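the sequence isn't on hand, but the structure is:
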DNA sequence: ATACAGTCGATCGTCGACGATCAAGGGGAG
DNA sequence: CTCCCCTTGATCGTCGACGATCGACTGTAT
């Protein structure tokens, strides 16, 4: 867990390969982020600007910018004037993320129902998930799942909601990745999204909200947390919302 | 609204003064952010790295980093290879922010009640708000109000919740600033926080959640939005949550 | 008068180098 | 043997310069 200082050996560390598309900073960002998410860089690993730069064949400037973005995303931590390191996660972290995600996606569900947004992209993503599950492609499943939740937020039509999810997506991906890996049957992961879709299409806000919360509780929350050895009391259970008839109550 | 290109005149543009504390990038960030929030830079204004750098007496690198952070915060937009500009906001933006804030702070309220967190810092902030209101200090009120909401999220003890609020705080500040400016009596702004405090201390989660939502509805949402000329239907009304008895329902 | 193409200028993206700062390791005193 | 100070090394923070790209302007043809 600890390759702190003086890891300067020669060993076969992960290669990040030359990058091309977009700005070099974008490329560096994708490369490093991918390496972290795929686990090629483990928690506590040191990320040295100079080393990364020469491994990718670029200067320090783009790498530096990439690392700053990763700091924003909380995938790495930075000790000023010392170094940047891949973050470590505890079960508590995942519980916190789950709770936050629950709040955010509940809003998304509410807005989706309210605006009668199209569910087609979501259905497509579930299809992708099923296909990946059939092929036993774990990262494919996780990938589709992340995009499912991303699309859920996007479909709500609230730019800031989307943006917040995006800033959390790296964390979400790591949580989902760990969770799915400890999960029994991949096919279940996909099929668990079906009742959610159904509820979103039901036209009843509170059903959709409850479905989202239940879904999260199954995936990363409650049951997932216990699978990961965390404390189930740290996560909020799905709340049964009452029947508030739709249409704005316009208090006043 | 449009000082696009060729604003290179001599006029008395806002001075950002030399900066000192922390890293230069931190200083540049604070300086530019402050100028935007205080309205010294208006929507659509162009932010040229070179110009800002020499105005602050630093190199482009720290300024560049500062601007990147502001992009993350959505206070400025960047057209790659072209320029960076102060963002423009519509009433729709404020409605969206209000909705998101409602989701986030509802979670905060729930967690605060659940963990029996101390309300002392929040009370102190309301005191500060009242003091500023008595002195007719608008920015003082807004400042305290932002910190109140920040502290609300912090008190929940969920690091990611806090972090999300922080990433939105610039937006929140602008929304509050505009709202308070159009509001009638500053003293009311402070006193509107009292029922919220009371509800947070009541020990009943749903009361706290409802209070938070009502509070936001009064401040930036619903009524605030209409004051700003926006569409009230774009914001969610406070929801009357049912009586879920407290203590974790620990389903399963 | 209008539309289009070529040229010009401004701004950003990237680079390599310097200096400041902090953690780690070695040596000496108690 | 333990503790503290100092040296040493590595890494980041910042800088100034170069090149690439894009928008704006001018001149011309229709």
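Perfect, thanks for sending it. None of these values were measured; they are calculated from a predicted model.

could you pull up phi and psi at residue A:85?
Recorded main-chain torsions at residue A:85 are phi -140, psi 150, according to degrees, to the nearest 10.

burial measure for the residue in the stretch 1-150 of chain A positioned nearest to DNA strand D, as a count.
Sorted by distance to DNA strand D under CB to the nearest atom of the strand, the residues of the stretch 1-150 of chain A start with residue A:49, at 3.7 Å. Just so you know, the C-beta spots here come from the backbone N, C-alpha and C atoms, and that holds for glycine as well. Residue A:49: 17 surrounding residues under other CB atoms under 10 Å in any protein chain shown.

kindly report the same for residue A:50.
Look at residue A:50: counted by other CB under 10 Å, it has 10 neighbours.

for residue A:59, same thing?
Residues near residue A:59, counting by other CB under 10 Å: 14.

how about the secondary structure of the closest residue to it other than its chain neighbours?
Among residues not flanking residue A:59 along the chain, residue A:53 sits closest, at 5.9 Å (CB to CB, 6 or more residues apart in numbering or on different chains). Assigned with DSSP: H, G, I helix; E, B strand; the rest coil, residue A:53 falls in the helix class.

how close does residue A:53 get to residue A:231?
Distance, residue A:53 to residue A:231, by CB to CB, to the nearest Å: 41 Å.

more neighbours, the two?
Between residue A:53 and residue A:231, residue A:53 has the larger neighbour count (other CB under 10 Å), namely 19 against 11.

hang on, the more buried one packs against residue A:67?
No. Contact status for residue A:53 versus residue A:67: not in contact, 10.5 Å apart, counting by CB atoms under 8 Å.

show residues contacting stretch A:125-133.
Residues outside stretch A:125-133 that contact it (CB atoms under 8 Å, 6 or more residues apart in numbering or on different chains) are A:140-141, A:143-145, A:147-148, A:151, A:186-187, A:189-191, A:193-194, A:197.

ok, of those residues, which come out buried?
When these are checked for burial by 16 or more other CB atoms under 10 Å in any protein chain shown, the buried set is A:140-141, A:143-145, A:147-148, A:151, A:186, A:189-190, A:193, A:197.

check which helix or strand covers the residue nearest to residue A:122 when sequence neighbours are not counted.
Leaving aside its chain neighbours, residue A:122 sits nearest to residue A:151 (5.6 Å; criterion: CB to CB, 6+ apart). Following DSSP states H and E, one finds residue A:151 within helix A:138-155.

what sits against the residue nearest to residue A:122?
A:121, A:122, A:125.

so for the helix holding residue A:151, mean pLDDT?
Mean per-residue pLDDT for helix A:138-155: 95.

next, the angle from the helix or strand following it to helix A:138-155.
Note on helix A:138-155: by DSSP H and E, the next helix or strand toward the C-terminus is helix A:159-182. Counting by axes from the mean of the first three to the mean of the last three CA atoms, to 10 degrees, helix A:159-182 lies at 160 degrees to helix A:138-155.

so helix A:159-182, near chain B or not?
Yes. Using CB under 8 Å from any CB of the partner chain, helix A:159-182 reaches chain B at A:159, A:160, A:161, A:163, A:164, A:167, A:168, A:171.

columns neighbour count on top of these, output as a markdown table?
Below are those laid out as a markdown table (neighbours: other CB atoms under 10 Å in any protein chain shown):
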| residue | neighbour count |
| --- | --- |
| A:159 | 15 |
| A:160 | 19 |
| A:161 | 24 |
| A:163 | 20 |
| A:164 | 24 |
| A:167 | 19 |
| A:168 | 24 |
| A:171 | 22 |
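
of these, closest to DNA strand D?
Once CB to the nearest atom of the strand is applied, the member of the residues of helix A:159-182 next to chain B that ends up nearest DNA strand D is residue A:167, at 20.8 Å.

which positions in stretch A:87-96 come out as buried?
For stretch A:87-96, burial by neighbour count (16+ other CB under 10 Å) applies to A:87, A:89, A:91, A:93, A:94, A:95, A:96.

do you have the strands of chain A handy? List them.
Per DSSP state E, chain A has strands spanning A:46-47, A:76-79, A:83-86. These are given in chain order.

any chance of these in a markdown table, plus mean pLDDT, distance to chain B and mean neighbour count?
Formatted as a markdown table, the strands of chain A follow (pLDDT from 0 to 100; distance: least, CB to the nearest CB, whole Å; neighbours: other CB atoms under 10 Å in any protein chain shown):
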| stretch | mean pLDDT | distance to chain B | mean neighbour count |
| --- | --- | --- | --- |
| strand A:46-47 | 94 | 17 | 18 |
| strand A:76-79 | 92 | 11 | 16 |
| strand A:83-86 | 92 | 14 | 18 |
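
among these, which comes closest to DNA strand C?
Using CB to the nearest atom of the strand, these put strand A:76-79 closest to DNA strand C, at 6.7 Å.

tell me which strands that closest one pairs with, and in which orientation.
In the sheet, strand A:76-79 lines up against strand A:83-86 (antiparallel) (DSSP bridges).

quick one: is the strand it pairs with near DNA strand D?
Yes. Applying CB under 7 Å from any atom of the strand, one finds strand A:83-86 touching DNA strand D at A:83, A:84.

nothing else from me, thank you.
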